[in-house]
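Visitor: Okay, structure incoming, though there's no sequence with it:
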């Protein structure tokens, strides 16, 4: 198994911002709507929409579901 370095304590400060950017880029690269991407990840589209609009957060379990689909 490939060894993956953990993120640094400096990087964790930007975790939410970076996650939003990664999700947006993935949706753009794959011509996906918020609804389509949310369904692919098994989360509610409204939950993803609020996260991307910086109105709500996502818990780590939900972020892991997203990461599993885009990795």
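Guide: It's in. Note that the coordinates shown come from a computational prediction; the quantities given were computed from them, not determined experimentally.
Visitor: Stretch 54-71 - what's its average pLDDT?
Guide: Stretch 54-71 shows a mean pLDDT of 95.
Visitor: And for that stretch, what's in contact with it?
Guide: With contact meaning C-beta atoms under 8 Å, 6 or more residues apart in numbering, stretch 54-71 is reached by 16, 19-20, 22-23, 26, 40-43, 47, 50-51. Where you see a C-beta, it was placed from the backbone N, CA and C, and this is true even at glycine.
Visitor: Which positions within that stretch qualify as buried?
Guide: By 16 or more other C-beta atoms under 10 Å, the buried positions in stretch 54-71 come out as 58, 62-63, 66.
Visitor: again with stretch 45-54
Guide: By neighbour count on 16+ other C-beta under 10 Å, the buried set for stretch 45-54 is 47-48, 51-52.
Visitor: same thing with stretch 23-41?
Guide: Neighbour-count burial for stretch 23-41 flags 23, 26-27, 34, 37-38, 40-41 (criterion: 16+ other C-beta under 10 Å).
Visitor: So which of the residues you listed belong to helices?
Guide: Counting by DSSP state H, the part of those found in helices is 23, 26-27, 34, 37-38, 40-41.
Visitor: got a markdown table for the residues you listed, with pLDDT and distance to residue 5 too?
Guide: Listed next are these as a markdown table, based on pLDDT from 0 to 100; distance: C-beta to C-beta, whole Å:
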| residue | pLDDT | distance to residue 5 |
| --- | --- | --- |
| 23 | 98 | 22 |
| 26 | 98 | 22 |
| 27 | 98 | 27 |
| 34 | 97 | 31 |
| 37 | 98 | 27 |
| 38 | 97 | 30 |
| 40 | 96 | 28 |
| 41 | 96 | 25 |
